[in-house]
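A.B. asks: Sequence and predicted structure below; questions after.
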Amino acid sequence: MTAIAGKQPNYKVAPPKSGMTIKQQALINSIIVNAIVILLVLLWTIPTFGLLVSSFRPRDLITSSGWWTAFVTAFQSGAWTLDNYRSVLFADAMGSAFLNSMLVTIPSTVIPITIAAFAAYAIAWLEFPGRKAFFLVLVGLMVVPLQMSLQPLFSLYQATGLNGTFLGIWLAHTGFGLPLATYLLFGYISSLPVDLIEAARVDGATPMLTFTRLVLPLSTPAIAAFAIFQFLWVWNDLLVALVFLGTRADVAVLTTRLSELVASRGQAWHVLTAGAFVTMIMPLVVFFSLQRFFVRGLMAGSVKG
Amino acid sequence: MRSVQLNGGPVMALFEKTWFRVLVSLVMIMALSYGFMVSTEFMKNQDAPRAMLAIVAILVGVLGIWALYLTVDNLVSTFPIRIRDFVRPFVFIAPAAIILGVFIIYPTIRTTWLSFFISRRGTGVVPGSFGLQNYVSLFTDPATFRALINNALWLVFVPSFSVSIGLIIAILVDRIRWEKFAKSLIFLPMAISFVGAGVIWRFIYFRATFGAQIGLLNAIVELFGGSPQGWLRIEPWNNFFLIVIMVWLQTGYAMVILSSAVKGVPGELLEAARIDGAGEVRIFFQVIIPFIMGTIVTVTTTITILVLKVFDIVFVMTSGNFNTNVIANVMYQQMFVQGNFGRGSAAAVILFIAVIPVMVHNVRSLKSRRF
């Protein structure tokens, strides 16, 4: 594009000011643009970076000097430590909260995907009365704030003994994630080639066989994108965990545990910085290892209610 | 199916008998139901070892659900053809429909209904109290009215700032060589939970009562000779210090989507504008922005819906104190701290009413689509 444009005579472009050549002006422009972007990137990165640096500093250094001074004394002995992590993971129960987060997140991701995939296939390729109405209701439900569900479900859970159990929160996340999951998978599954599905039918495959052998394997990209979105959403969620699981140490997830730490030890920065970073490890690993799927998943999932 | 024809032994022949398949399916369904019941009781047990819970959950949640779908489908396939073809789709759709009904539709109706009654923890719904009292009190109580005003501030400033900054970054990174790297660093906060972001920014806003200022903001203020501030207590500006956090989190999202939209602007269009003598600023406002307007609207709507329900940030940073409350936090406090179910429901309904236009728009735009 630019190569072709460069060969054309630029006779109508405004003449460069103050006797600079076009090349010089382009260089100056490029320096300005780079400088602005560097500034913005620094602005966006410094908050997280400061937290990360602080979490590795000894307790008395954190409270006596800013984290930015750590680089001056970086090579002195005792400038860095892992004690903060040791203490949050064991003494402050973040280690157990990490396990709880895993235990909440994995089923809360797998179950809605399974149920949504079946439903999405039926809406896309099977004929049944009320098909379109079902789909439209689904689309409507996607933006309903989950705040609308909290109190009635809380009462329902109290009546059935599901409050404070992992099963209860799996089901809740399944319910809240289902409209979006079905909508996204429908979008993908309905765009599979008609001929393919038709050929399977002609060959005598039942809908179930078509779904399990053909549609599901082909939908892997959409499933992966939604899985990442749902995984992060559940992992980072505070409200649902707070309401249905509570803050008891043996069930508390990372987010509730961290918010408890903020409330009880709001000035203990050696605990809070390390604690916050423990909650961020998993999302950051996903972010850096699966960035392409991650972005796609977040894009697709951004309308969740 | 092929194996049946290959070794058509007496057992396999049985599988071709309809009555046998029905029997097998029914036995399977009963066994599965029993399995679900037992495992549910087990999973409710809070003292069970967590590793066991996880294994049971994955087994039941994945294999159990799959087995149920396959068994019911098998049963349905033994029905007479016309009934079979009618019933079959519902095997696929029913679990989703039931879950949506129990977890979203029923609660939404129930919450709306409750919002018109006086209802408290302990006393329950007061019969005959049907009326708008909860809404009236939300709008007249100065504390909750303040939350409505604050929500309005969030709704105005978060989408506008994240989308404008996101758009500027999207245009700028298009002209540098390290675009991917810059974009992923700005997008990175999207991976962080609101609670984590809350801690990050509490550290920045922190004011030490004695000793060195270790909070970045107060250290900068001191560097320029000012005196350290307790940023989260300065009303009404503390709302903006919280809003900054959300902008920091959401700009990356706006940038990524807008960046791909900007790349979609045809090069010929830009070239033509340049040849006509338009400057870069004019091209930005009169060519690029009109071209990607649809995307801008979508991104703005998405961020608006998210901001409407903002809860975690306020909960972690100030718990709604110092006049920084927002509706979602009012809802949580009324419902689960004060136990005022009526008022809490009314707060939830206010959030719901605010998203109805988006809901109607989404449904309408899909309704005309053929599928």
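C.D. replies: All right, it came through fine. Numbers count the residues shown, from 1 in each chain, chains lettered A, B, ... in the order given.

A.B. asks: Is A:R248 located within a strand, as I assumed?
C.D. replies: No. Counting by DSSP: H, G, I helix; E, B strand; the rest coil, A:R248 is not found in a strand; it is coil.

A.B. asks: nearest residue to it other than its sequence neighbours?
C.D. replies: Among residues not flanking A:R248 along the chain, A:G164 sits closest, at 6.8 Å (CB to CB, 6 or more residues apart in numbering or on different chains). (Each C-beta comes from the backbone N, C-alpha and C, glycine too.)

A.B. asks: got it, and B:E179?
C.D. replies: Closest to B:E179 by CB to CB, 6+ apart is B:V173, at 4.6 Å.

A.B. asks: tell me the pLDDT at that neighbour?
C.D. replies: B:V173 is assigned 93 on the pLDDT scale.

A.B. asks: Repeat that for A:P112.
C.D. replies: pLDDT, read off for A:P112, is 95.

A.B. asks: Just the element for it, please.
C.D. replies: helix A:94-125 (DSSP states H and E).

A.B. asks: Count the residues that sit near A:F176.
C.D. replies: Using other CB atoms under 10 Å in any protein chain shown, A:F176 has 26 other residues around it.

A.B. asks: anything in the strand or helix carrying it sitting right up against chain B?
C.D. replies: Secondary structure assigned from DSSP H and E places A:F176 in helix A:166-189. Yes. Using CB under 8 Å from any CB of the partner chain, helix A:166-189 reaches chain B at A:166-167, A:170-172, A:174-176, A:178-179, A:182.

A.B. asks: I'd like the average pLDDT over the helix or strand following that helix.
C.D. replies: Using DSSP H and E, the helix or strand that directly follows helix A:166-189 along the chain is helix A:194-202. Average pLDDT, helix A:194-202: 92.

A.B. asks: next helix or strand past helix A:194-202?
C.D. replies: helix A:207-210.

A.B. asks: Give the other helices and strands that that following helix contacts.
C.D. replies: helix A:94-125, helix A:194-202, helix B:65-76, helix B:81-100 (3 or more CB pairs under 8 Å, 6 or more residues apart in numbering or on different chains; DSSP states H and E).

A.B. asks: Mind putting the residues of helix A:166-189 next to chain B into TSV with distance to B:F139 and pLDDT?
C.D. replies: Output for these, formatted as TSV (distance: CB to CB, whole Å; pLDDT from 0 to 100):
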residue	distance to B:F139	pLDDT
A:F166	39	88
A:L167	39	88
A:W170	37	92
A:L171	35	93
A:A172	30	96
A:T174	35	96
A:G175	31	96
A:F176	28	96
A:L178	34	96
A:P179	31	95
A:T182	37	95
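
A.B. asks: quick one: which of those residues is most hemmed in?
C.D. replies: A:T182 (32 neighbours).

A.B. asks: any idea what sits nearest it, other than its immediate chain neighbours?
C.D. replies: A:A116 (4.2 Å).

A.B. asks: Can you pull out the low-pLDDT segments for the chain?
C.D. replies: Reading this off chain A. A:1-19, A:294-305 (pLDDT under 70).

A.B. asks: Wait, chain B was what I had in mind.
C.D. replies: Checking chain B against pLDDT under 70 turns up B:1-12, B:46, B:370-371.

A.B. asks: May I have the phi/psi pair for the closest residue to A:P145 other than its chain neighbours?
C.D. replies: Of all residues beyond its chain neighbours, the one nearest A:P145 is B:L351 (4.5 Å), with distances taken as CB to CB, 6+ apart. Note on B:L351: its backbone torsions stand at phi -60, psi -40 [degrees, to the nearest 10].

A.B. asks: How is the chain partitioned into domains?
C.D. replies: As the question left the chain open, I've gone with chain A. A:14-69+A:78-83, A:87-301 (automatic domain parsing).

A.B. asks: The intended chain is chain B.
C.D. replies: B:2-78, B:133-195+B:236-367.

A.B. asks: list the contacts for the residue nearest to A:P145?
C.D. replies: For B:L351, the contact set (CB atoms under 8 Å, 6 or more residues apart in numbering or on different chains) comprises A:145, A:147-148, B:308-309, B:327-328, B:331.

A.B. asks: Tell me which of the helices and strands packed on helix A:207-210 lies nearest to B:S365.
C.D. replies: Closest to B:S365 of those is helix A:94-125 (CB to CB; 17.2 Å).

A.B. asks: And the closest one, how far out from the chain middle?
C.D. replies: Relative to its parent chain, helix A:94-125 has a centroid offset of 14 Å by CA atoms, centre = their mean, to the nearest Å.

A.B. asks: ok, back up a step: separation between the residue nearest to B:E179 and A:N100?
C.D. replies: Separation of B:V173 from A:N100 (CB to CB, to the nearest Å): 39 Å.

A.B. asks: Then B:Q338?
C.D. replies: From B:Q338 to A:N100 the distance is 28 Å (CB to CB).

A.B. asks: How about A:R292?
C.D. replies: 29 Å.

A.B. asks: B:I176 touches A:A35, doesn't it?
C.D. replies: No. Between B:I176 and A:A35 there is no contact, the gap being 10.3 Å when judged by CB atoms under 8 Å.

A.B. asks: Those two: which has the busier surroundings?
C.D. replies: More crowded of B:I176 and A:A35, by other CB under 10 Å: B:I176, with 15 against 10.

A.B. asks: For the more buried one, give me phi and psi.
C.D. replies: Note on B:I176: backbone dihedrals following degrees, to the nearest 10 are phi -120, psi 160.

A.B. asks: any idea how far it lies from A:L43?
C.D. replies: For B:I176, the distance to A:L43 - CB to CB - is 16 Å.

A.B. asks: ditto for A:S219
C.D. replies: For A:S219, the distance to A:L43 - CB to CB - is 40 Å.

A.B. asks: Follow the chain on from the helix holding A:P112 and name the next helix or strand.
C.D. replies: helix A:131-141.

A.B. asks: Can you give me the neighbour number for B:R146?
C.D. replies: Neighbour tally, B:R146, other CB under 10 Å: 19.

A.B. asks: Could you pull up the residues touching it?
C.D. replies: B:323, B:325.

A.B. asks: What helix or strand is it located in?
C.D. replies: Going by DSSP H and E, B:R146 is in helix B:142-173.

A.B. asks: hmm, who's touching whatever helix or strand comes next after that helix?
C.D. replies: Sequence order places helix B:179-187 as the next helix or strand after helix B:142-173, per DSSP H and E. Outside helix B:179-187, the residues that touch it by CB under 8 Å, 6+ apart are A:37, A:40-41, A:44-45, A:291, A:295, B:169, B:173, B:176, B:251-253, B:255-256, B:259.

A.B. asks: Comparing B:Q338 and A:N100, which shows the higher neighbour count?
C.D. replies: A:N100 (24 against 14).
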